[in-house]
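Visitor: Everything below, folded, please.
(one chain, ligands or ions: 1)
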Amino acid sequence: MDQRSDSENLSPFISDRVLVNGKVVPLTFTRDGKLRWNHNDLRCLNVEKEALGFTFEGSRIRVNVVVEKRDRILCFANMGGIGRQSFVFEPLSLESLTLWSQKLRDYIDSLGRPKRLLIFVNPFGGKKCATKIFVEDVRPCLEDADIQFTVIETKHQLHAKEVVKTLDLSKYDGIVCVSGDGILVEVINGLLEREDWSDAIKMPIGMVPAGTGNGMVKSLLDSAGEICSPSNAILAVIRGHTRSLDVATISQGKTRFFSVLMLAWGLIADIDIESEKYRWMGSARIDFYALQRITYLRHYNGRVSFVPAPGFEEYGEQTSYSGEPSCETSTSQQESLNIQQPGYLGSDVKLENMHWRTISGPFVSIWLHNVPWGSEDVLAAPNAMFSDGYLDLIIVKDIPKLSLLSLLSKMNDGSHVHCPHVMYLKVKAFVLEPGARIDDPMKEGIIDSDGELLARGNVTYKGNVKCYMAYDKLQITVDQGLATLFAPV
Ligand SMILES: Nc1ncnc2c1ncn2[C@@H]1O[C@H](COP(=O)(O)OP(=O)(O)OP(=O)(O)O)[C@@H](O)[C@H]1O
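Guide: Coordinates of the predicted model:
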């Protein structure tokens, strides 16, 4: 809260007569960060909220401003809800010009905004329009804000992760992903696989929606009441506010995968991954394949164990920690990704000292979520919080097909969690022991984390993507607020 009195706030950094639109007017820059001038009527510009930066044009200063479209008078570019404008003034002497630029620079610097960004653009993500989004929505704002940036267009899967693992992080104040959630996950994994992971993971990461799901950036913008658009997303980066984000470590033997969005096994994973073969249908592929999966509903044997958050202890049966998953079975699909890393090993909490509960299958779906939105129109876990140190667990065991259909249709507003066939709780740690299908014990399932194929069992989806882990017991722990994201306030 601003402790300063009104008179302190209104005392000027600088007050002077300047030229605005050919007319000499008094202009004041007060300590509350507002520029005030009188041009026919009293005008006020909140530098922190509205100004991206300023540039010189000879003896004039151009303050580059963003305004919501409904407020705009003049707009140079249509940015989906946001317009770019500028306020130009001309100090009457060289000394005055120097003083104005110094005061504005000092104020903007005091806001802690990033000055140098590394930007990944994934031309392959979503509708393949990341490059267009970068050129039309992102770059003009960065230029207005006078931010230096280096752009890397990702060339293949794991390219962003490779870059981040060896990057000289001292050259940047943040990393921005113009992509879907996949590049974010690669960046997080790259940072945590570095030897200097404990410093590296403090690097703020920004997201600009250019993928299919965009669950993370939707969660960030929605939590601030903003629509999920590239312009709102890049403004959050430029303004430089951050929030911390829980990171889940999924481990199996010595293999680790760091997840920030979700883990799914059963129905959701099957729909997410297997519907890839209908990618030619566009976004309709998910609905089409979901219908197919409900019609021929699969039930999986298996077991989940978890440490419930306070208030959720009534779920499941009491059990004890069954020990770390050690996976001997290295499948051929997993080998190239199952590499020992020198980085972060996961939380060092004493899992054996915690109070474990367990639920046995058959299951229709197991879904763990770190943030509320799974994609722009799926509010998967309405109570999930960015840094509460817990994952939201959504379990569906048995359910009539019609109820399941209605449940899926309720996911766009999060009301599916109130369905009587759904268990919805928060957990601190989690163990998954995935089994085979009830109807055909020769067939197993898929484990999906953050849109990546984490593991696949026998005789299921045959995509040519390699898996990180074997279809076997795996464990998940949560590190509260380990990562940092640029976020609107
Ligand atoms: N040039 C490229 N060609 C092919 N794949 C790429 C390329 N660059 C990155 N990738 C891979 O594309 C995958 C998907 O990327 P991204 O997450 O940006 O989009 P998406 O899957 O459409 O969106 P979302 O994850 O939000 O659903 C990532 O796994 C990434 O490694």
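
Visitor: And for the residue in the stretch 101-250 of the chain positioned nearest to the ligand, nearest residue in space, chain neighbours not counted?
Guide: Ranked by CB to the nearest ligand atom, the top residue of the stretch 101-250 of the chain for proximity to the ligand is Gly180, at 1.9 Å. Just so you know, the C-beta spots here come from the backbone N, C-alpha and C atoms, and that holds for glycine as well. Leaving aside its chain neighbours, Gly180 sits nearest to Gly211 (1.6 Å; criterion: CB to CB, 6 or more residues apart in numbering).

Visitor: Same question for Gly182.
Guide: Using CB to CB, 6+ apart and skipping residues adjacent in sequence, the residue nearest Gly182 is Gly451, 5.6 Å away.

Visitor: Could you check how far the one you found is from the ligand?
Guide: The gap separating Gly451 from the ligand is 4 Å, by CB to the nearest ligand atom, to the nearest Å.

Visitor: swap in Leu19?
Guide: With distances taken as CB to the nearest ligand atom, Leu19 is found 47 Å from the ligand.

Visitor: Ok, Lys23 next?
Guide: Distance from Lys23 to the ligand, by CB to the nearest ligand atom: 50 Å.

Visitor: burial measure for the nearest residue to that residue once chain neighbours are set aside, as a count.
Guide: Take Lys23 and drop its neighbours on the chain: the residue closest to it by CB to CB, 6+ apart is His39, 6.8 Å away. For His39, the count of nearby residues is 13 (other CB atoms under 10 Å).

Visitor: looking at the sheet around His39, what are its partners?
Guide: Here His39 sits in beta bridges with Asp41, going by DSSP bridges.

Visitor: Would you confirm that it contacts Val18?
Guide: No: contact criterion CB atoms under 8 Å: His39 and Val18 do not qualify, at 10.6 Å.

Visitor: who touches both of these two?
Guide: Each of Val25 lies in contact with both His39 and Val18 under the rule CB atoms under 8 Å, 6 or more residues apart in numbering.

Visitor: that older thread, in contact with the residue nearest to Lys23, which residues?
Guide: Counting by CB under 8 Å, 6+ apart, His39 touches Val20, Asn21, Lys23, Val25.

Visitor: okay, among those residues, which ones form the most distant pair?
Guide: Asn21 and Val25 (8.9 Å; CB to CB).

Visitor: Adjacent strands (with direction) for the lengthiest strand in the chain?
Guide: The single longest strand within the chain, with elements called by DSSP state E, is strand 422-437. Sheet pairing of strand 422-437 (DSSP bridges) gives strand 300-308 (antiparallel), strand 391-396 (antiparallel), strand 474-486 (antiparallel).

Visitor: Ramachandran coordinates for the residue of the stretch 101-250 of the chain closest to the ligand?
Guide: phi -90, psi -160 (degrees, to the nearest 10).

Visitor: domain ranges for this protein?
Guide: Domains of the chain are assigned by automatic domain parsing as 6-110, 116-240, 251-479.

Visitor: can you put the ones you listed in TSV and add mean pLDDT?
Guide: Shown next, in TSV, are the domains of the chain (pLDDT from 0 to 100):
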stretch	mean pLDDT
domain 6-110	85
domain 116-240	96
domain 251-479	90
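
Visitor: Pull out the buried residues from stretch 386-398.
Guide: By neighbour count with 16 or more other CB atoms under 10 Å, stretch 386-398 contains the buried residues Phe386, Ser387, Asp388, Tyr390, Leu391, Asp392, Leu393, Ile394, Ile395, Val396, Lys397.

Visitor: Over to stretch 311-330?
Guide: Buried, per 16+ other CB under 10 Å, within stretch 311-330: Phe312, Tyr315, Gly316, Tyr321, Ser322, Pro325, Cys327.

Visitor: Nearest residue to the first one in space, please, no chain neighbours.
Guide: When the adjacent residues along the chain are set aside, Phe312 lies closest to Leu425, with 3.9 Å between them (CB to CB, 6+ apart).

Visitor: re the thing from before, out of the contacts of His39, which sit inside strands?
Guide: Val20, Lys23, Val25.

Visitor: Distance check, the second one against Trp37.
Guide: Read it as Lys23. In this view, Lys23 and Trp37 are 10 Å apart by CB to CB, to the nearest Å.

Visitor: The two: who's more crowded?
Guide: Applying other CB under 10 Å to Lys23 and Trp37 shows that Trp37 carries more neighbours, namely 18 against 10.

Visitor: so who does that one touch?
Guide: Val18, Val20, Val25, Pro26, Leu27, Thr28, Arg43, Phe89.

Visitor: Provide the partner residues of the first one in its beta bridges.
Guide: Pointing back at Val18 there. Taking DSSP bridges as the rule, Val18 bridges to Val25, Pro91.

Visitor: Surely it touches Glu90?
Guide: Yes: between Val18 and Glu90 there is a contact under CB under 8 Å: 6.0 Å.

Visitor: what helix or strand does the residue nearest the centre of the chain sit in?
Guide: By CA atoms, centre = their mean, the chain has its centre lying nearest to Met216, at 2.9 Å. Per DSSP states H and E: Met216 is located in helix 215-223.

Visitor: Near the ligand, which residues of the chain are found?
Guide: Residues of the chain lying near the ligand by CB under 6 Å from any ligand atom: 122-126, 154-159, 179-183, 186, 211-214, 451.

Visitor: For the stretch 351-489 of the chain, which segments count as strands?
Guide: Counting by DSSP state E, counting those that start in this stretch, the stretch 351-489 of the chain has strands at residues 356-360, 365-369, 391-396, 422-437, 446-449, 452-456, 474-486.

Visitor: And the ones you listed: which comes nearest Asp32?
Guide: Closest approach to Asp32 among those (CB to CB): strand 474-486, 23.9 Å.

Visitor: In CSV, please show the C-alpha coordinates belonging to that closest one.
Guide: C-alpha atoms of strand 474-486 as CSV (Å, rounded to 0.1, in the frame of the first residue of the first chain):
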residue,chain,number,x,y,z
LEU,A,474,5.8,-42.9,-10.7
GLN,A,475,5.9,-40.4,-8.0
ILE,A,476,5.1,-36.7,-7.9
THR,A,477,6.2,-34.1,-5.3
VAL,A,478,5.5,-30.4,-5.4
ASP,A,479,7.9,-27.5,-4.8
GLN,A,480,6.0,-24.5,-3.6
GLY,A,481,6.7,-21.4,-5.8
LEU,A,482,9.9,-22.7,-7.3
ALA,A,483,9.5,-21.0,-10.7
THR,A,484,8.7,-17.4,-11.5
LEU,A,485,6.3,-16.1,-14.2
PHE,A,486,5.6,-12.6,-15.5
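
Visitor: Check the gap between Ile201 and Leu45 for me.
Guide: From Ile201 across to Leu45, the span is 37 Å (CB to CB).

Visitor: So for the two, which sits in the more crowded spot?
Guide: A count of neighbours by other CB under 10 Å puts Ile201 above the other of Ile201 and Leu45, at 21 against 18.

Visitor: my guess is the more buried one meets Leu482, correct?
Guide: Yes: in this structure, Ile201 is within contact of Leu482 by CB under 8 Å, at 5.8 Å.

Visitor: Great, nothing more from me.
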